[in-house]
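**Student:** Give me a 3D structure for the following:
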Amino acid sequence: QVQLVESGGGLVQAGDSLRLSCAVSGPSFTNYRAGWFREAPGREREFVAAIGRLARNTYFADSVKGRFSISRDDAKNLVYLQMSSLKPEDTAVYHCAADRSGSIYTTDYTYWGRGTQVTVSS
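**Tutor:** Now for the predicted structure:
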């Protein structure tokens, strides 16, 4: 069983940076791709970024390209989302997700964390 726990959220001002972490417990994390999604009040959960096995590929939503980066440390079972030039519209609960296969961009991941709140003030 894979469990994910996010951390690093908080209240920041527009233009600030923030790094989210996702701690993954369970066997063979190297066999999983990982993604970050976010959910704002009144909106559906949306794809933010993803990283493939062994960090061979990364994927980003158009809204965060050039501002966010994603990385993983398989030795520590951690996935990071580095967010820069934050905007008020980035305000949401950010969830980490993992799966062995399936769509990168949809919410069909098998394993999910509970999320961490990111609030960006203008």
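**Student:** For the chain, which segments count as strands?
**Tutor:** With DSSP state E, the ranges of strands along the chain come out as 3-7, 10-13, 18-25, 33-39, 46-51, 58-60, 68-73, 78-83, 92-99, 111-112, 116-121.
**Student:** Can you tell me what sits against the fourth one?
**Tutor:** Residues from elsewhere that reach strand 33-39 (C-beta atoms under 8 Å, 6 or more residues apart in numbering): 20, 22, 24, 45-53, 70, 72, 79, 81, 90, 92-101, 104, 107, 109, 115, 118. All C-beta atoms are positioned from the backbone trio N, CA, C, and that covers glycine.
**Student:** which parts of that strand are buried?
**Tutor:** 33-38 (16 or more other C-beta atoms under 10 Å).
**Student:** Put together TSV for the strands of the chain, with mean pLDDT on each row.
**Tutor:** TSV is the format used below for those (pLDDT from 0 to 100):
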stretch	mean pLDDT
strand 3-7	97
strand 10-13	98
strand 18-25	97
strand 33-39	97
strand 46-51	98
strand 58-60	97
strand 68-73	98
strand 78-83	98
strand 92-99	97
strand 111-112	96
strand 116-121	98
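**Student:** can you pull the contacts of residue 61?
**Tutor:** 46-49.
**Student:** Using neighbour counts, give me the buried entries of the residues you listed.
**Tutor:** Looks like those have 47-49 buried, using 16+ other C-beta under 10 Å.
**Student:** just to revisit the earlier point, so which of the contacts of residue 61 comes closest to residue 66?
**Tutor:** residue 49 (11.9 Å; C-beta to C-beta).
**Student:** what's the distance between the most centrally placed residue in the chain and residue 8?
**Tutor:** The residue lying closest to the centre of the chain (C-alpha atoms, centre = their mean) is residue 36, at 2.4 Å. In this view, residue 36 and residue 8 are 11 Å apart by C-beta to C-beta, to the nearest Å.
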